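Enquirer: Sequence plus the predicted model coming up.
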Amino acid sequence: MKMSWIKYEKDEKSFNVPEKLGFDVFKLEDPENTDKKLEELINKRYDVIILTNEIASFSQNIVKKYNHSRDVSIIIARNKE
């Protein structure tokens, strides 16, 4: 199973543990590219993609396209506040 995490480049708090353990944590410079990054990861056969709530808000496709997908599980992480 391939997992990845996506967060905003300026987000210093989210997904620090997976990043320090060497997992695939991708930092988006421009949140408007969220859907493009999702497509890229799905094409690379990632099974689970976890996004910060902030990044997920920029996606048009999460609910429309991937909500009922059997190929990938997309998880929106809650804020740690």
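Expert: Yes, it's here.

Enquirer: just how off-centre is stretch 37-49 within its chain?
Expert: 9 Å (CA atoms, centre = their mean, to the nearest Å).

Enquirer: avg pLDDT for stretch 66-78?
Expert: Confidence over stretch 66-78 (mean pLDDT, whole number) is 87.

Enquirer: Just list what the strand or helix carrying residue 76 packs against, helices and strands only.
Expert: When elements are assigned from DSSP states H and E, residue 76 belongs to strand 73-77. Contact here means 3 or more CB pairs under 8 Å, 6 or more residues apart in numbering; DSSP states H and E; on that basis strand 73-77 packs against strand 48-52, helix 53-56, helix 61-66. For every residue, glycine as well, the C-beta is placed using N, CA and C.

Enquirer: Next, the buried residues of it.
Expert: Neighbour-count burial for strand 73-77 flags 74, 77 (criterion: 16 or more other CB atoms under 10 Å).

Enquirer: swap in stretch 50-68?
Expert: Residues of stretch 50-68 classed as buried by neighbour count (16+ other CB under 10 Å): 50-52, 54-56, 58-59, 62, 65-66.

Enquirer: Now tell me what touches that stretch from outside.
Expert: Applying CB atoms under 8 Å, 6 or more residues apart in numbering, the contact partners of stretch 50-68 are 3-8, 11, 14-15, 28, 31-32, 34-35, 38-39, 42, 72, 74-79.

Enquirer: tell me which residues in the biggest helix by length in the chain are buried?
Expert: Counting by DSSP state H, the longest helix found in the chain is helix 34-43. Residues of helix 34-43 classed as buried: 34, 37-38, 41-42 (neighbour count, 16+ other CB under 10 Å).

Enquirer: picking that back up, can you redo the buried residues of stretch 50-68 as TSV with distance to residue 24?
Expert: Output for these, formatted as TSV (distance: CB to CB, whole Å):
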residue	distance to residue 24
50	10
51	13
52	15
54	19
55	15
56	17
58	19
59	18
62	19
65	21
66	18
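
Enquirer: Going by distance to residue 22, which of the residues you listed wins?
Expert: Proximity of those to residue 22 (CB to CB) peaks at residue 50, which lies at 15.7 Å.

Enquirer: Distance from the chain centre to the worst-scoring helix or strand of the chain on mean pLDDT, please.
Expert: None of the helices or strands of the chain scores lower by mean pLDDT, DSSP states H and E than helix 61-66, at a mean of 81. Its chain's C-alpha centre and that of helix 61-66 lie 13 Å apart, by CA atoms, centre = their mean.
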